[in-house]
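Engineer: for reference, the sequence and a predicted model appear below.
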Amino acid sequence: MTEEKTAAKLRQEELFLKKENGYDRMDETSIPAMHTYCDGYKQYLDNAKTEREAVKAAISLAKENGFVPFRRGMSLKAGDRVYASNRGKSLMLAVIGTRPLDEGVNIGAAHIDSPRLDLKPYPLFEDGGFSLLKTHYYGGVRKYQWLSVPLELRGTIIRKDGSSVEVTLGGEPGDPFLVIPDLLPHLAKAQSEKPLGKAVDPEALNIFLGSRPYPDTEASDRFKLAALDLLNQKYGITEEDFLSAELCAVPAYSACDVGLDRSMIGAYGQDDRVCGYAALKGLFDAKTPGKTAVCVLADKEEIGSMGVSGMQSQAFDTFIDDLCDCLGAHLRTCYENSFCLSADVSACFDPNFPDVYDKRNSSFINQGVSLCKYTGTGGKMGASDASAEVMGHIRIVLNRANVLWNVSELGKIEAGGGGTVALFMANRNIDTVDAGVPVLGMHSPFEVTGKLDCYMTYLAMKAVYEA
Ligand code: MN
Ligand code: MN
């Protein structure tokens, strides 16, 4: 009897898939490296609250790691490191490999835009003794989450004369913060009866900018005037300059450790800068690859990957085509032999909301990088759906590099859904699969990730580039 049981147990060990916690499987000696990596990541997050800042911070890290600006027609050889900024809003980097580009490239693609509150073209007005800024939310925002949260203003203004000025209100030590105060519960009776999605009017997401009037009791619009006066002193702008500006209200706090055991990271904008940083750092640390390694940090994913800086833009094709020109290869041949890891976050199983997950097909914290064969909504609608061969390839690559990984779906079928840049890469005739860090509270002003998963995603990216 006992012997039979042992035989079954042995057979189980042979046949069953093990889903152990990553901490039980990870080599103890890699824990300090994981923390060091995560410290660098948190620092990057604090410097990268918008896609523009993410590009800037990435370029400065790239330069430290030997990357130089790509010039069309430059001569390139194995080991060369180049980058090309697309209008300061998305970034493409490459480490030239030893093999011809016609054999394809290995791509890590992540996005560096995150949900936030953008200012409207005519944002400034006054009411109730306040100066206020009207906003238009960007991406999949749960509006109630942005109330009574300290905010800062970041962005770029192009002034009348064409000169540009950077805004980082709240970014410097000692800076004031901004806020959209929530309704007091005492007077929220009617609002509390509304469905959650309708409780906050998007036109009421107005940021409180100031409350002190311009010191001239005879003047009109004294609150608006006082605000413009300060903005003019600080940034040299007039009201009309808002018309040529990209100003974003983002949460004002820095990235921090979460949990008594410091096993997690809490921060704004982890979707998808957590994968953006992994894709970047993986490229920096990859050994001179066989196939050329390419990292792309895309903008506009949260609103459909459109536009010149989105993943649908031909800017990417142009960059790869330019590399092909430099190295005597053909873009289409290169694409059909290429592989892309679309690095984007997945939904981490949340025990407070178990109903929206299929527990057997969810990503759990500390299981490593989470592969996603398909995204989409309902019946995989809108997904590029990686093939068995592609899944087989990435399995081998990750296992060879001792990367902890799992496979997951976003949530229960028909619970909702979502997409990434994967389909836009796959549409280019590039074999593509999604993989990334599971996130709690995705798209909220304070997203949470597991450090082990962040680190494993970095190792996964590195392995893909070195494959
Ligand atoms: Mn994302
Ligand atoms: Mn997102």
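Structural biologist: Received the coordinates, thanks. Ligands and ions are numbered 1, 2, ... in the order given.

Engineer: give me the residue from the stretch 51-200 of the chain nearest ligand 1.
Structural biologist: The minimum distance from the stretch 51-200 of the chain to ligand 1, using Cβ to the ion, falls at His111 (5.7 Å). Placement of C-beta: from N, CA and C, glycine included.

Engineer: my read: that residue touches Met311, true?
Structural biologist: Yes. In terms of Cβ atoms under 8 Å, His111 counts as a neighbour of Met311; the distance is 7.3 Å.

Engineer: what does the chain put close to ligand 1?
Structural biologist: Asp271, Asp272, Asp344 (Cβ under 5 Å from the ion).

Engineer: which residue sits closest to the last one, ignoring its sequence neighbours?
Structural biologist: Leaving aside its sequence neighbours, Asp344 sits nearest to Thr420 (Cβ to Cβ, 6 or more residues apart in numbering; 4.1 Å).

Engineer: can you check which strand is longest in the protein?
Structural biologist: Among the elements of the chain assigned as strand by DSSP state E, the one spanning the most residues is strand 116-127.

Engineer: helix or strand next in line after it, which one?
Structural biologist: strand 130-138 (DSSP states H and E).

Engineer: list of residues touching that next one?
Structural biologist: Contacts with strand 130-138, where a contact means Cβ atoms under 8 Å, 6 or more residues apart in numbering, come from 113, 115-120, 122-126, 143, 146, 178, 202-203, 205-211, 223-224, 226-227, 248-249, 302-303.

Engineer: re earlier: what's near enough to touch the residue of the stretch 51-200 of the chain closest to ligand 1?
Structural biologist: Counting by Cβ under 8 Å, 6+ apart, His111 makes contact with 272, 276, 297-302, 305, 311, 344, 420-421.

Engineer: quick check: which ranges of this structure have low pLDDT?
Structural biologist: The chain contains residues with pLDDT under 70 at 1-4.

Engineer: what about 50?
Structural biologist: Residues of the chain that meet the criterion pLDDT under 50 are absent altogether.

Engineer: tell me where it has helices.
Structural biologist: The residue ranges that make up the helices of the chain, judged by DSSP state H, are 2-15, 22-25, 31-47, 51-64, 189-192, 196-199, 222-235, 270-285, 315-327, 331-336, 388-400, 422-426, 451-466.

Engineer: kindly reformat the ones you listed as TSV containing mean neighbour count.
Structural biologist: As requested, the helices of the chain are exported to TSV (neighbours: other Cβ atoms under 10 Å):
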stretch	mean neighbour count
helix 2-15	9
helix 22-25	14
helix 31-47	17
helix 51-64	20
helix 189-192	10
helix 196-199	11
helix 222-235	17
helix 270-285	28
helix 315-327	19
helix 331-336	18
helix 388-400	15
helix 422-426	24
helix 451-466	27
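
Engineer: and Met74, which of these is closest to it?
Structural biologist: helix 315-327 (6.2 Å; Cβ to Cβ).

Engineer: other SSEs contacting that closest one?
Structural biologist: strand 81-86, strand 90-95, strand 292-298, helix 331-336 (3 or more Cβ pairs under 8 Å, 6 or more residues apart in numbering; DSSP states H and E).

Engineer: the first one - contacts with which helices or strands?
Structural biologist: When contacts are defined as 3+ Cβ pairs under 8 Å, 6+ apart, strand 81-86 packs onto helix 51-64, strand 68-69, strand 90-95, helix 315-327.

Engineer: and for the third one?
Structural biologist: Identification of packing neighbours for strand 292-298 by 3+ Cβ pairs under 8 Å, 6+ apart yields helix 51-64, strand 90-95, strand 105-111, helix 270-285, helix 315-327, helix 451-466.

Engineer: again, but for the last one
Structural biologist: Contact partners of helix 331-336 among helices and strands, from 3+ Cβ pairs under 8 Å, 6+ apart: helix 315-327.

Engineer: got the CA positions of the helix it packs on in PDB?
Structural biologist: Once side chains and other backbone atoms are set aside, the C-alpha atoms of helix 315-327 remain, and they are given as PDB (Å, rounded to 0.1, in the frame of the first residue of the first chain):
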ATOM      1  CA  ALA A 315       8.800  55.200 -36.900                       C
ATOM      2  CA  PHE A 316       9.700  51.700 -35.700                       C
ATOM      3  CA  ASP A 317       9.800  50.300 -39.300                       C
ATOM      4  CA  THR A 318      11.900  53.200 -40.400                       C
ATOM      5  CA  PHE A 319      14.400  52.500 -37.600                       C
ATOM      6  CA  ILE A 320      14.700  48.800 -38.400                       C
ATOM      7  CA  ASP A 321      14.800  49.600 -42.100                       C
ATOM      8  CA  ASP A 322      17.600  52.100 -41.500                       C
ATOM      9  CA  LEU A 323      19.500  49.400 -39.500                       C
ATOM     10  CA  CYS A 324      19.000  47.000 -42.500                       C
ATOM     11  CA  ASP A 325      20.400  49.700 -44.900                       C
ATOM     12  CA  CYS A 326      23.500  50.100 -42.700                       C
ATOM     13  CA  LEU A 327      24.100  46.400 -42.600                       C
END
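
Engineer: who touches it?
Structural biologist: Contacts of helix 315-327 with the rest of the structure, by Cβ under 8 Å, 6+ apart, involve 70, 72-76, 84, 86, 90, 92, 94, 96, 100-101, 105, 292, 294, 296, 298, 308-309, 329-331, 334-335, 428.

Engineer: give me the buried subset of these.
Structural biologist: When the contacts of helix 315-327 are checked for burial by 16 or more other Cβ atoms under 10 Å, the buried set is 70, 76, 84, 86, 90, 92, 94, 96, 100-101, 105, 292, 294, 296, 298, 309, 329, 331, 334-335, 428.

Engineer: pick out the residue nearest the middle of this protein.
Structural biologist: The centre of the chain sits closest to Asp272, judged by Cα atoms, centre = their mean, with a distance of 1.5 Å.

Engineer: list the contacts for that residue?
Structural biologist: Per Cβ under 8 Å, 6+ apart, neighbours of Asp272: Ala110, His111, Ile112, Ser114, Glu301, Ala343, Asp344, Val345, Gly436.

Engineer: and if you look at Val407?
Structural biologist: When contacts are counted by Cβ under 8 Å, 6+ apart, Val407 is found next to Asn361, Ser370, Leu371, Cys372, Lys373, Met391.

Engineer: Throw the residues you listed into CSV and include distance to Lys9, thanks.
Structural biologist: Below are the contacts of Val407 laid out as CSV (distance: Cβ to Cβ, whole Å):
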residue, distance to Lys9
Asn361, 26
Ser370, 29
Leu371, 29
Cys372, 32
Lys373, 31
Met391, 29
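
Engineer: can you pick the most crowded of these?
Structural biologist: Looking at these with neighbours defined as other Cβ atoms under 10 Å, the largest count falls to Ser370 at 29 neighbours.
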